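1. got a predicted model here, sequence first, then my questions.
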Amino acid sequence: MLYLLVRNVLRPGVVNPTHLAKSASVTKVTKRSMVHQEGLPKLPVPPLKQTCEGYLAMLQPIVSEEELEHTRQLVTEFVSPGGVGDRLQRSLERRARKVDNWLSEWWMQSTYLDCRMPVPVYTSPGVILPRMHFQDRQGQMRFAAKLIAGVLDFKQLIDSDTLPIEYLGGKPLCMDQYYQVLSSCRIPGPKRDTVVNHTLGTTPPTHITVVHNFQFFILDVYNSDGTPLTVDQIYMQLEKIWNSSLQTNKEPIGILTSQHRNTWGKAYNNLIKDKTNKESVRAIQKSIFTVCLDAPMPRVSDEMYQSRVAAQMLHGGGSRWNSGNRWFDKTLQFIIGEDGSCGLTYEHAPAEGPPIVFLIDHVVGYMRRSEMVRSPMVPLHMPQKLRFNITPEVKKDIENAKQNMNMMVHDLDVRVLLFSHFGINVPKQHKLSPDAFVQMALQLAYYRMYQLCCSTYETSSLRMFKLGRTETIRSTTTESSKFVQAMDDAGTSNTEKVALLTKAIQLHRDNTRKAIYGQAIDRHLLGLKMQGITELTSMPDIFMDTSYAVAMHYHLFTSQVGAKTDCVMCFGPTVPDGYGVCYNPMEEHINIAITAFNSCEETNAAKFSRAVETALLDMQALLEQTALAGR
Ligand code: COA
Ligand code: HC5
């Protein structure tokens, strides 16, 4: 393998474990991927006037006319020549010339590392894999062994620099995130967290961590000649782990990682004062990834099964169940239950959903191909159990974490909707963008439930640009609001409704295009705000305005994550009174997960899920009736 001395390959916010000793870092980024990365365009800074106009247009359907008028005045002042906006814009443009990506460090810090909320539910998404047919622990471990081998096969793509480059709209994408998901871990700090990536160290890890009955093990997954263990060998090692972790009365040390970040930051410093604990924590952080062999969860009806597994992936079900069978700081944790339930949760700071989904598709493909082959019986070491000394103080921290986790579990309202009537086929038949169609159904569902339009976020990719992460598509537009209001209006004809829907979808497509080309408004506004924090003594008025607060309070936070595998993706809401909606549109069906908080009286995931189902069906009926009538 080629090792190159590269400057600046480290992502902003990501710490090299052997850092600080040298100004440059030794990494495994090899020539091919580096050439690709170097060829990517830089994220542009959009023109200030364009963003300000876009901002006012975006506010129109979600704030009152009085508020909007007030904001218009603030915006006019902000953009005026010599005004504060003008000054910040110039500083931002200077920053953009100097760094690889003017946004990525600010984004990583402000969205993830500075965020003090617990990572489970609040930031870490969950993925549910299709239900497997195993029903016992043999099946569970056989599956786990294959899955581990599949992830190592994916790792081989990275190590050998043969990862295929992804494209969006015909343009090659930044592949950096793929290099951040293995051998990395978030580390809590008293005020701000960090992410450490051990691939960048001088001795990259060769082990994974396996957790069963709250007990953590180091499992070396490579033979001494550097070849990965076979499925059969991994299976035998998992058996050993299982048999030496049968006690169910162990302290759920991992639950500490589910705490509010300041609380965990303090508890962490206390925990690692002890040398044994420190070494155990380091081994988990350094591992390539974690596999959680979960204890059985309460049985539920078939109808509720997916929703229950979604909760298992997001939080583990509470301290009585599997919430302590995790290390939530770990970037990648695969979760495998005894009843065929399986999936993963990932810590979001280092990467977005698409690289994770690519990994899943790869692993699922590998598992389909792979057969259990008998390997030569080379005796392998017993996987090492990680020891923790539980002092009274650590015990107190664990008890506190258990209580908070249980509150979080009670508060999360999650419903999976496996919409089976159609998938992307129907909107495509009607020559409409499937993604925009689903977004309009979400708008309609929300409007029908609340008789108003809300601030809506849809994630779009910025990976066309070097180190790009995400941008916001504002799905609530003046056009979408006209459509949702007309849809149930007896005075509007079907032809008019279809025209309004088509127009709304077209605008959504235009906004999507702007977003992926770096010309949307939200990240630019964030950049101006961050620039303001750096160089001004007081925050510009437009960021202190009610309209701005309304716009940033996303009652609907949505994301499309398309996968080849028939999986369900989920994440929690980002505000106390809103919904989190993640969907995977397949050819003939759509997997949708909806979350809300039980503590909010106004929201209800099951009710919203029914409204979404009805909205999708009504929109299909509208298109079909109108098409028939027009023939
Ligand atoms: N008529 C017929 N077909 C159409 C159409 C139309 N009017 N408009 C679009 N289509 C087709 C597209 O060509 C595409 O076909 P393909 O699957 O053969 O390529 C398909 O329908 C899907 O397109 P569409 O539904 O419009 O959306 P998209 O796939 O372009 O996705 C985003 C839109 C915003 C989701 C995407 O651009 C993106 O940014 N994805 C990343 C999101 C992300 O990062 N999520 C995770 C965050 S952690
Ligand atoms: C496997 C599904 C992952 C979806 C993750 C996602 O959409 O993350 C959002 C990223 C972004 O920048 O918009 C953030 N969110 C978790 C808060 C939705």
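-> Structure received. Numbering: from 1, shown residues only. Ligands and ions are numbered 1, 2, ... in the order given.

2. part of a strand, is Thr202?
-> No. Applying DSSP: H, G, I helix; E, B strand; the rest coil, one finds Thr202 to be coil, outside a strand.

3. any idea how far Met586 is from it?
-> 44 Å (CB to CB, to the nearest Å). Any C-beta I mention is one placed from the backbone N, CA and C, and that applies to glycine too.

4. the longest helix in this protein is where?
-> The residue-count maximum for a helix in the chain (DSSP state H) belongs to helix 605-630.

5. measure Leu536 to Thr456 for me?
-> In terms of CB to CB, Leu536 sits 30 Å off from Thr456.

6. higher neighbour count, those two?
-> Per other CB atoms under 10 Å, whichever of Leu536 and Thr456 has more neighbours is Thr456, with 26 against 13.

7. bridging residues for that one?
-> On the basis of DSSP bridges, Thr456 is bridged to Leu556.

8. mind listing what it touches?
-> Listed by CB atoms under 8 Å, 6 or more residues apart in numbering, the contact partners of Thr456 are Gln439, Leu442, Gln443, Tyr446, Arg474, Ser475, Thr476, Tyr554, His555, Leu556, Phe557, Thr558.

9. more neighbours: Thr202 and Met586, which one.
-> Neighbours per residue, other CB under 10 Å: of Thr202 and Met586, the larger number sits with Met586, 18 against 11.

10. how much space separates that one from Ala606?
-> On the measure of CB to CB, Met586 and Ala606 end up 22 Å apart.

11. hang on, the earlier thing: is the longest helix of the chain up against ligand 1 anywhere?
-> No. Figure legend: helix 605-630 not in contact with ligand 1 (CB under 6 Å from any ligand atom); closest approach 12.4 Å.

12. okay, now whichever residue of the stretch 51-200 of the chain sits closest to ligand 1: neighbour count?
-> Going by CB to the nearest ligand atom, ligand 1 is nearest to Leu168 of the stretch 51-200 of the chain, at 6.0 Å. Other residues lying near Leu168 total 13 when counted by other CB under 10 Å.

13. so what sits opposite it in the bridge?
-> Beta-bridge partners recorded for Leu168 (DSSP bridges): Lys171.

14. now the strands for the stretch 351-500 of the chain?
-> Counting by DSSP state E, counting those that start in this stretch, the stretch 351-500 of the chain has these strands, from start to end: 384-385, 412-419, 456-461, 470-474.

15. got CSV for the ones you listed, with distance to ligand 2 and mean pLDDT too?
-> As requested, the strands of the stretch 351-500 of the chain are exported to CSV (distance: least, CB to the nearest ligand atom, whole Å; pLDDT from 0 to 100):
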stretch, distance to ligand 2, mean pLDDT
strand 384-385, 31, 97
strand 412-419, 13, 98
strand 456-461, 4, 98
strand 470-474, 3, 98
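
16. which residues in the stretch 251-400 of the chain form helices?
-> Assigned by DSSP state H, counting those that start in this stretch, the helices in the stretch 251-400 of the chain fall at 261-271, 275-286, 302-314, 353-369, 392-411.

17. surely Cys52 is in contact with Asp86?
-> No. At 11.0 Å, Cys52 and Asp86 do not qualify as touching, with contact defined as CB atoms under 8 Å.

18. more neighbours: which of those two?
-> Taking neighbours as other CB under 10 Å, Cys52 and Asp86 compare with Cys52 leading, 22 against 13.

19. which SS class is that one?
-> helix.

20. show the contacting residues for Arg72.
-> Per CB under 8 Å, 6+ apart, neighbours of Arg72: Leu56.

21. which pLDDT does the model give it?
-> If you check Arg72, the pLDDT there is 98.

22. mind checking which helix or strand it is in?
-> Using DSSP states H and E, Arg72 sits within helix 65-79.

23. so which bits of that helix are buried?
-> His70, Thr71, Leu74, Val75, Phe78, Val79 (16 or more other CB atoms under 10 Å).

24. ok so, going back, JSON lines for the strands of the stretch 351-500 of the chain, including distance to Arg308?
-> What follows is the strands of the stretch 351-500 of the chain, written out as JSON lines (distance: least, CB to CB, whole Å):
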{"stretch": "strand 384-385", "distance to Arg308": "30"}
{"stretch": "strand 412-419", "distance to Arg308": "9"}
{"stretch": "strand 456-461", "distance to Arg308": "26"}
{"stretch": "strand 470-474", "distance to Arg308": "29"}
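
25. please name the nearest non-neighbouring residue to the residue of the stretch 101-250 of the chain found nearest ligand 2.
-> In the stretch 101-250 of the chain, the residue found nearest to ligand 2 is Pro125; the distance is 3.8 Å by CB to the nearest ligand atom. Leaving aside its sequence neighbours, Pro125 sits nearest to Phe571 (CB to CB, 6 or more residues apart in numbering; 4.2 Å).

26. how many residues are close by Leu452?
-> 13.

27. go on, Thr276?
-> Thr276: 12 neighbours (other CB under 10 Å).

28. wait, it sits on Arg387?
-> Yes. With contact defined as CB under 8 Å, Thr276 reaches Arg387; the gap is 5.3 Å.

29. where are the low-confidence patches of the stretch 251-400 of the chain?
-> Along the stretch 251-400 of the chain, the model assigns pLDDT under 70 to residues 371-377.

30. which residues of it lie near ligand 1?
-> So far as CB under 6 Å from any ligand atom goes, the stretch 251-400 of the chain lies against ligand 1 at Glu352, Gly353, Pro354.

31. just put those in CSV and tack on distance to Gly139.
-> Formatted as CSV, these follow (distance: CB to CB, whole Å):
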residue, distance to Gly139
Glu352, 32
Gly353, 28
Pro354, 30
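
32. the stretch 151-300 of the chain: strands as residue ranges?
-> Counting by DSSP E, counting those that start in this stretch, the strands of the stretch 151-300 of the chain are 167-168, 171-172, 184-187, 194-197, 207-212, 215-220, 290-293.

33. quick check: which of those strands is nearest to Val612?
-> Across the strands of the stretch 151-300 of the chain, Val612 has its closest neighbour in strand 167-168 (25.9 Å, CB to CB).

34. what does the closest one contact?
-> Here strand 167-168 has contacts from Leu173, Ser461, Arg463, Met464, Ile516, using CB under 8 Å, 6+ apart.

35. report the distance from that strand to the chain centre.
-> 19 Å (CA atoms, centre = their mean, to the nearest Å).

36. name the SS class of Ala596, please.
-> From three-state DSSP, the assignment for Ala596 is strand.

37. how far away is it from Tyr305?
-> Look at Ala596 and Tyr305: by CB to CB, they are 19 Å apart.

38. of the two, which one has the most company?
-> Ala596 (27 against 17).

39. I figured that one was touching Lys607, is that so?
-> No. Contact criterion CB under 8 Å: Ala596 and Lys607 do not qualify, at 9.2 Å.

40. ends of stretch 511-523, what's the gap?
-> 14 Å (CA to CA, to the nearest Å).

41. would it count as contacting ligand 1?
-> Yes. Using CB under 6 Å from any ligand atom, stretch 511-523 reaches ligand 1 at Thr512, Ile516.

42. buried set for that stretch?
-> Neighbour counts over stretch 511-523 (16+ other CB under 10 Å) mark Asn511, Thr512, Lys514, Ala515, Ile516, Tyr517, Gly518, Gln519, Ala520, Ile521, Asp522, Arg523 as buried.

43. ok, whatever residue of the stretch 351-500 of the chain ends up closest to ligand 2 - contacts?
-> Distances between the stretch 351-500 of the chain and ligand 2 by CB to the nearest ligand atom are smallest at Gly353, namely 3.1 Å. Gly353 makes contact with Pro125, Ser559, Val561, Met569, according to CB under 8 Å, 6+ apart.

44. pLDDT and secondary structure added to these, as TSV?
-> Converted to TSV, the contacts of Gly353 look like this (pLDDT from 0 to 100; DSSP: H, G, I helix; E, B strand; the rest coil):
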residue	pLDDT	secondary structure
Pro125	98	coil
Ser559	98	strand
Val561	95	coil
Met569	97	strand
